[in-house]
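K.L.:
Quick one, what's the 3D model for this:
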Amino acid sequence: MAVTESLAATLRRRSNNHSPVTTGFEALTGYRWHEPTPARLAAGHRLSVVIPAHNVAHCLRYVLDALAVQSVRDAFEVIVVDDASTDETLSIARAHPIVLRLVRIRERAGAATARNVGTALAGADTILYLDADMVLPRHVIADVMVRAAANLALIGFRHNLPYKARQRVQESGMMPDLYADHRARWRPPVGRRLMYSGLVLDRPLDGRPLDHTKDLRDLGFGRGYYDWDLPRMVVTALLAVPREAVLDVGGFDPEFGRLGWGMEDTHLGAKLIASGLLVVPLRQAVGFHLDPPDAEAQWRAKLIGWRHTLAYYRGLLQRPAPTGRTHEFTTHLNTLRAQCEVLR
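P.N.:
Prediction:
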């Protein structure tokens with residue numbers, strides 16, 4: 001009987017040399033890969049923006065307002081999946097004109113399931129997963145649309161903004177900083193075991209994961225940069241992927257939502273990389289991540305479940321790389337959607 005290769009083994013065979021993609025884009029358009037793109041280049045492209053939302057009344061209006069003034073206003077659809085919120089999240093989404101589709105999951109299921117529901121509803125070939133607390137500059141949707149392709153996972157970045165400073169996003173015209181994201185500039189603790197790799201550093205490090213890995217090209221073939229590897233760079237706060245590829249690998253594993261916080265996006269990244277996708281950063285695609293009023297308490301609560309989701313992810317790496325899951329995914333989501341409340 002043939003031995004099926006594990007997901008981890010498949011990742012070790014995958015290169016992330018995306019140079020032909022970026023240089024080809026620049027030669028074709030005359031624009032650099034990492035610069036904002038004129039809206040006219042997005043003509044003929046379509047995009048589905050999927051936003052999972054649970055108790056995000058403190059920030060959702062800012063996020064939707066930013067989408068409403070994107071330079072390509074009519075070229076994308078916004079899908080909000082409310083994950084059994086108990087605050088004003090649902091009413092905010094229901095009242096906002098930018099929201100084309102709104103679905104409510106009646107019982108809390110987790111962000112992985114909410115994104116799966118949005119994926120099933122999406123009408124475009126490319127899905128942009130956007131967190132409900134991410135405010136985007138006007139050019140970002142066009143940047144994504146013009147560069148999206150069937151073999152690419154495009155990652156953007158986030159700049160955390162304290163709750164009390166959230167109004168400055170619209171009032172001051174300030175722009176987010178790429179190097180506020182840990183994937184761009186990272187200063188890990190010394191003498192303490194790192195969360196993901198388990199490494200213990202004996203001296204301070206001013207890490208530049210994005211720079212030091214040549215825009216992630218050096219993270220191919222299963223290689224790492226201290227506490228980072230290629231799947232961990234795939235963060236669904238701002239991630240554009242081909243819908244067909246997500247369906248083929250079975251979407252997000254909902255078990256992560258039951259175990260706790262984190263790793264469902266890393267696992268999706270691992271599956272997509274194993275299927276042949278290249279992970280390419282967009283340095284100009286940086287949004288403000290708006291912290292909730294109780295950010296510190298929420299972070300502590302998330303860390304409680306981290307070891308469980310990480311252990312589950314490690315176990316999945318030893319299983320075969322999933323493929324051909326479209327029918328299974330669609331069948332499951334059709335059943336799940338029947339249990340949801342469609343509001344728009």
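K.L.:
The helix or strand hosting residue 300: how far from the chain's middle?
P.N.:
Assigned by DSSP states H and E, residue 300 belongs to helix 295-317. Computed by CA atoms, centre = their mean, to the nearest Å, the chain-centroid distance of helix 295-317 equals 17 Å.
K.L.:
Please apply the same query to stretch 253-273.
P.N.:
The chain centroid and the centroid of stretch 253-273 are separated by 11 Å under CA atoms, centre = their mean.
K.L.:
So which bits of it are buried?
P.N.:
Going by neighbour count (16 or more other CB atoms under 10 Å), the buried part of stretch 253-273 is 253-254, 256-257, 259-273. Backbone N, C-alpha and C define where each C-beta goes, glycine included.
K.L.:
which residue ranges form the strands in the stretch 101-250 of the chain?
P.N.:
Along the stretch 101-250 of the chain, the stretches classed as strands by DSSP state E, counting those that start in this stretch are 126-130, 134-135, 152-161, 224-225, 228-229, 238-242.
K.L.:
Rebuild these as a markdown table, extending it with mean neighbour count and mean pLDDT.
P.N.:
As requested, the strands of the stretch 101-250 of the chain are arranged in a markdown table below (neighbours: other CB atoms under 10 Å; pLDDT from 0 to 100):
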| stretch | mean neighbour count | mean pLDDT |
| --- | --- | --- |
| strand 126-130 | 27 | 98 |
| strand 134-135 | 26 | 96 |
| strand 152-161 | 22 | 96 |
| strand 224-225 | 18 | 96 |
| strand 228-229 | 22 | 98 |
| strand 238-242 | 25 | 98 |
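K.L.:
Just give me the neighbour total for the closest residue to residue 11 other than its chain neighbours.
P.N.:
Distances taken as CB to CB, 6 or more residues apart in numbering put residue 222 closest to residue 11, at 4.8 Å, once the chain neighbours are dropped. Using other CB atoms under 10 Å, residue 222 has 16 neighbouring residues.
K.L.:
How about residue 310?
P.N.:
The burial count for residue 310: 17, using other CB under 10 Å.
K.L.:
hmm, back to that, give me every residue that touches the residue nearest to residue 11.
P.N.:
With contact taken as CB atoms under 8 Å, 6 or more residues apart in numbering, residue 222 is in contact with 8, 11, 12, 14, 229, 230.
K.L.:
of those, closest to residue 125?
P.N.:
residue 14 (22.3 Å; CB to CB).
K.L.:
Next, the contact list for the residue lying closest to that closest one once chain neighbours are set aside, please.
P.N.:
Computed as CB to CB, 6+ apart, the closest residue to residue 14 that is not its neighbour in sequence is residue 273, at 5.4 Å. Residue 273 makes contacts with 11, 14, 16, 153, 230, 231, 234, 279, as judged by CB under 8 Å, 6+ apart.
K.L.:
okay but the first one is in contact with residue 269, surely?
P.N.:
When you say that, I think you mean residue 11. No. The pair residue 11 and residue 269 does not pass the contact test of CB atoms under 8 Å, sitting 9.8 Å apart.
K.L.:
what sits in contact with each of those two?
P.N.:
Contacts common to residue 11 and residue 269, judged by CB under 8 Å, 6+ apart, are 230, 231.
K.L.:
Centre-most residue in this protein?
P.N.:
Closest to where the C-alpha atoms of the chain average out (CA atoms, centre = their mean) is residue 236, at 1.4 Å.
K.L.:
do you know how far it is from residue 131?
P.N.:
7 Å (CB to CB, to the nearest Å).
K.L.:
Next: residue 69.
P.N.:
19 Å.
K.L.:
do the same with residue 141
P.N.:
Distance from residue 141 to residue 131, by CB to CB: 15 Å.
K.L.:
more neighbours, these two?
P.N.:
For the pair residue 141 and residue 131, the greater number of neighbours falls to residue 141 (28 against 21), based on other CB under 10 Å.
K.L.:
Tell me the spacing between the residue lying closest to that one once chain neighbours are set aside and residue 48.
P.N.:
Spatial nearest neighbour of residue 141, excluding adjacent residues (CB to CB, 6+ apart): residue 70 at 4.3 Å. According to CB to CB, residue 70 stands 14 Å off from residue 48.
K.L.:
in the sheet, who's paired with residue 99?
P.N.:
residue 78 (DSSP bridges).
K.L.:
could you point out where the stretch 51-200 of the chain is predicted with low confidence?
P.N.:
In the predicted model of the stretch 51-200 of the chain, residues 166-172 satisfy pLDDT under 70.
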